[in-house]
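Turn this into a model:
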Amino acid sequence: MVSRTESVGSESKERDVETKFNVFEILQIAEQVEHKGAKFYLKTAELFDDPNLRDLYYRLATWKAKHEKIWARMRKRFSEKTGEFGTFDPDITCSPILM
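Model prediction:
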């Protein structure tokens, strides 16, 4: 559950906003997180002249890319078993619903 604060005039109200994701969406989000992490580490590696630091960030990028492939395989297997496919949209909830 996500807590969100809204301002109305001079008053601030806090309300709870519940966002639900299905299994396919969770796997897709995990895949996207790893992809973005790999891109980050690749870009960061380019900022350093020190070969040890560059190597460290390249290894981290490789590690993230491997995780991305793992999540993609899990999502593919899930889709094949359940027939559930889709595009990530946090405003759409599908079954089975997980919190």
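
then whichever helix or strand Ile29 is part of to CSV, C-alphas only?
Secondary structure from DSSP states H and E places Ile29 in helix 23-45. Extracted C-alpha coordinates of helix 23-45, given in CSV (Å, rounded to 0.1, in the frame of the first residue of the first chain):
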residue,chain,number,x,y,z
VAL,A,23,2.0,-11.9,-11.2
PHE,A,24,2.8,-11.0,-14.9
GLU,A,25,3.1,-7.3,-14.0
ILE,A,26,5.4,-8.0,-11.0
LEU,A,27,7.7,-10.1,-13.2
GLN,A,28,7.7,-7.4,-15.9
ILE,A,29,8.5,-4.7,-13.3
ALA,A,30,11.4,-6.8,-11.9
GLU,A,31,12.7,-7.2,-15.5
GLN,A,32,12.5,-3.5,-16.1
VAL,A,33,14.3,-2.6,-12.8
GLU,A,34,17.2,-4.9,-13.8
HIS,A,35,17.4,-3.4,-17.3
LYS,A,36,17.5,0.1,-15.9
GLY,A,37,20.1,-1.0,-13.4
ALA,A,38,22.3,-2.4,-16.1
LYS,A,39,22.0,0.8,-18.2
PHE,A,40,23.0,2.8,-15.1
TYR,A,41,26.1,0.8,-14.4
LEU,A,42,27.2,0.9,-18.0
LYS,A,43,26.8,4.7,-18.1
THR,A,44,28.6,5.0,-14.7
ALA,A,45,31.5,2.8,-15.9
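
residue ranges for the helices of the chain, please.
Per DSSP state H, the chain carries helices over the ranges 23-45, 51-82.

now those in TSV, with mean pLDDT, distance to Val17 and mean neighbour count?
Just so you know, the C-beta spots here come from the backbone N, C-alpha and C atoms, and that holds for glycine as well. Converted to TSV, the helices of the chain look like this (pLDDT from 0 to 100; distance: least, C-beta to C-beta, whole Å; neighbours: other C-beta atoms under 10 Å):
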stretch	mean pLDDT	distance to Val17	mean neighbour count
helix 23-45	95	17	17
helix 51-82	94	26	14
